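# Okay, predicted coordinates and the sequence, questions at the end:
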Amino acid sequence: MNLTSKRKQLKKVYEPVGVLLARRTKITPNIITIISVIFGVFAAISFFKEKPLLGAMLLFISGFFDLLDGVVAREREKASKFGAVFDWLADKFVDGFLLFFIGITYSTPYLTAIAITANMLHTFIKPVAYAEIGFSSRTKGKIDDPLEGVGFFGRPETLLTIIVFSIFEHFKIFGGLEFGFVVITALTTLSLLQRIVYLYIKYNKDYD
């Protein structure tokens with residue numbers, strides 16, 4: 001799937017909103033990131049309280065704000081190294097909360113542990129690759145890295161799957177979030193393995 005590889009096409013949808021925020025308000029990129037985290041935390045709590053439709057709506061808003069901080073930063077030429085790190089950590093904070101509360105509410109502790117571990121490794125394998133392998137360039141705060149485009153099921157796909165299966169949960173169809181959590185765990189793990197195999201094939205050699 002890899003929605004990240006479709007970033008340029010998706011930007012046409014959300015970028016105008018970010019440009020409008022940058023030009024008409026004084027809101028900072030880091031504040032937008034914090035707003036995204038707040039909505040994400042409330043989404044997780046909503047799932048814990050077995051309100052999947054509310055959780056899905058809050059999660060959608062959280063994800064949308066997460067897309068806007070980078071647009072505002074670039075539009076105002078306020079992109080910073082701290083902002084890039086803060087945005088990344090904020091994403092994983094929300095992801096951890098979401099998977100934990102959905103897991104303990106709709107799944108089992110064992111599957112929850114696997115889901116969270118696979119999700120975190122799927123993300124943090126990238127900075128390890130930056131450090132050990134390097135990257136070719138950085139354009140407007142975005143790193144062109146060895147794993148760009150590798151891994152078919154990342155954060156965008158995870159959030160979209162949660163939203164879709166939250167709707168199924170509300171209408172009690174297709175197994176709801178119980179089945180959706182199994183799907184997320186399985187696909188995240190397979191995508192992580194895809195990244196590991198890719199790195200092994202391409203970079204299994206001695207340092208120069």
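Nice, I can see it.
# mean confidence for whichever strand or helix holds residue 16?
Using DSSP states H and E, residue 16 sits in helix 7-24. On average, the pLDDT along helix 7-24 is 77.
# ok, and what's touching whichever helix or strand comes after that helix?
As assigned by DSSP H and E, the chain's next helix or strand after helix 7-24 is helix 29-48. Outside helix 29-48, the residues that touch it by Cβ atoms under 8 Å, 6 or more residues apart in numbering are 21, 52, 54-56, 58-59, 61-63, 65-66, 68-70, 72-73, 76, 78-79, 83, 86-87, 90, 93-94, 97-98, 100-102, 104-106, 166, 177. Placement of C-beta: from N, CA and C, glycine included.
# Can you select the buried ones from those residues in PyMOL?
Typed into PyMOL, the line below selects the buried ones among these, using 16 or more other Cβ atoms under 10 Å:
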select buried, resi 21+52+54+55+56+58+59+61+62+63+65+66+68+69+70+72+73+79+83+86+87+90+94+97+98+100+101+102+105+106+166+177
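# which ones are touching residue 134?
Counted by Cβ under 8 Å, 6+ apart, residue 134 has contacts residue 146.
# taking the contacts of helix 29-48 one by one, which sit in strands?
Here DSSP state E is the test, and the contacts of helix 29-48 give no hits in strands at all.
# any idea how far the spatially most central residue of the chain lies from residue 108?
The centre of the chain sits closest to residue 155, judged by Cα atoms, centre = their mean, with a distance of 2.9 Å. Per Cβ to Cβ, to the nearest Å, residue 155 is found 23 Å from residue 108.
# Contacts only, for residue 103.
Contacts of residue 103 (Cβ under 8 Å, 6+ apart): 109, 111-112, 115-116, 181.
# picking that back up, what angle sits between the helix holding residue 16 and helix 29-48?
Here helix 7-24 points in a direction 120 degrees away from that of helix 29-48 (axes from the mean of the first three to the mean of the last three Cα atoms, to 10 degrees).
# quick revisit: quick one: buried ones out of the contacts of residue 103?
The buried subset of the contacts of residue 103 - by 16+ other Cβ under 10 Å - is 111-112, 115-116, 181.
# And these, which two are furthest apart?
Largest separation among those by Cβ to Cβ: 116 and 181, giving 11.1 Å.
# Now do residue 199: how many residues are near it, please.
Applying other Cβ atoms under 10 Å, we find 18 residues neighbouring residue 199.
# Show me what the helix or strand in which it is found packs onto, helices and strands only.
Take DSSP H and E as the rule and residue 199 turns out to sit in helix 176-203. For helix 176-203, the elements it packs on are helix 81-106, helix 109-132, helix 155-171, judged by 3 or more Cβ pairs under 8 Å, 6 or more residues apart in numbering; DSSP states H and E.
# check contacts around the closest residue to residue 76 other than its chain neighbours.
Distances taken as Cβ to Cβ, 6 or more residues apart in numbering place residue 22 nearest to residue 76, at 5.3 Å, with adjacent residues excluded. For residue 22, the contacting residues are 71-72, 75-76, by Cβ under 8 Å, 6+ apart.
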